[in-house]
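[1] I would like the atomic coordinates for the input below:
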Amino acid sequence: MATLDTGIPVWEADPILSVEHLFMRFGGLVAVNDLSFKVGRGQITALIGPNGAGKTTVFNCITGFYKPSEGRLVLGHGRAPTPEEVARLTLIGERGMVGKGSSVYLLERLPDYRVSGEAKVARTFQNIRLFTGMTVLENLMVAQHNALMLASGFSLKGLFGLPGWNAAQRAATEKAKYWLDKVDLTERADDPAGDLPYGAQRRLEIARAMCSEPILLCLDEPAAGLNPRESLELNNLLRSIRAEHGTSILLIEHDMSVVMEISDHVVVLDYGTKISDGTPDYVKNDPRVIAAYLGVDEDAVEEVEAEIGIDTGGHSTGANP
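    Numbering: from 1, shown residues only. Model (predicted):
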């Protein structure tokens, strides 16, 4: 288990994102019910659960597509914000605060374009959303549109080809080339994105998100539809993003081989409620998780395991590790 010297898990000691008492209601339907969890800085956190558990709704709240009915979403750049900083933000009603060594954002108060552009949270979607008529390279340049517009003085400097604009354009092109190489798509740079095989489109979508230089990358089922070789390539890509760029990753995934292979921390939802939270080993042996995935009551888990020959080596129902 990834811990600090104190023995406290990283996601508790140094969270980049704290989800606090999150509720999302659609009329009389409670899609997310009093959810709290933390995403460790520089870690890969998986949000899992059966279909309809509320995972994508949580993502939509974090990334600004939905405004939560209740709750707080605290993101800290550089370091985890202190309780005093969060209390001050809440008291004065601000959306964010830039301070010495860290910036703090209350994501539930930010419009979606500021979540991505200012708070530096990027995401991909369960259904691929590339610009299929643009080339692979153009998709990566579009991801840098905001920075390029600022550098161009909103087109004026670009029209006159001023040095600042030219330098920004070269830097954006170099960044795009870097990510093309990273996802093994350099040879397809001038091909329409829609012509790529499915697995390559998945990698391109991640590369496009990374071109915005996020500190938190949210991936909605990145392994969906991938074959075993492509899943292995995805695992390697995500590990390298974490190791080489220090990017924290929060992912939704149904492929348990991916989740258990690369995650530092796993949070499990069922019907919008958190039922388990801990290391992959802890979570996969939690009887509440097994019951949710098998579709039986917790009391019936051992009986079902015996019938189908599953041996988890014993369960722990104690506190999280």
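[2] which ones are touching the residue lying closest to Lys67 once chain neighbours are set aside?
    Nearest non-adjacent residue to Lys67, counting by Cβ to Cβ, 6 or more residues apart in numbering: Glu108, 6.5 Å away. Quick note: C-beta positions are derived from backbone N, CA and C, even for glycine. By Cβ atoms under 8 Å, 6 or more residues apart in numbering, the contact set of Glu108 is 61, 67-68, 71-73.
[3] now those: which count as buried?
    For the contacts of Glu108, a burial check counting by 16 or more other Cβ atoms under 10 Å picks out 61, 68, 71-73.
[4] what's the single longest helix in this protein?
    helix 163-182 (DSSP state H).
[5] which of the residues in it are buried?
    For helix 163-182, by 16+ other Cβ under 10 Å, it's 165, 168-169, 172, 175-176, 179-180, 182.
[6] any idea which of those residues is closest to Ile128?
    Trp179 (16.5 Å; Cβ to Cβ).
[7] ok, and the closest non-adjacent residue to the closest one?
    Ala207 (4.0 Å).
[8] which of the helices or strands spans the one you found?
    helix 198-210 (DSSP states H and E).
[9] quick one: that helix to chain centroid distance?
    Centroid separation between helix 198-210 and its chain, computed with Cα atoms, centre = their mean, to the nearest Å, is 14 Å.
[10] sorry, back to before: what distance do you get for the residue nearest to Lys67 to Lys274?
    18 Å (Cβ to Cβ, to the nearest Å).
[11] and if you look at Leu106?
    Counting by Cβ to Cβ, the gap from Leu106 to Lys274 is 21 Å.
[12] same check on Val267?
    From Val267 to Lys274 the distance is 6 Å (Cβ to Cβ).
[13] I'd like to know which elements the helix or strand harbouring Gly76 is packed against.
    Counting by DSSP H and E, the element that carries Gly76 is strand 70-77. Applying 3 or more Cβ pairs under 8 Å, 6 or more residues apart in numbering; DSSP states H and E, we find strand 70-77 packed against strand 15-26, helix 55-62, helix 83-92, strand 102-106.
[14] direction included, what does the first one pair up with?
    Within its sheet, and counting by DSSP bridges, strand 15-26 is paired with strand 29-40 (antiparallel), strand 70-77 (antiparallel).
[15] by how many degrees do that strand and helix 55-62 diverge?
    For strand 15-26 and helix 55-62, the angle between their directions (axes from the mean of the first three to the mean of the last three Cα atoms, to 10 degrees) works out to 110 degrees.
[16] can you give me the angle strand 15-26 makes with helix 83-92?
    Strand 15-26 runs at 40 degrees relative to helix 83-92, counting by the same axes, to 10 degrees.
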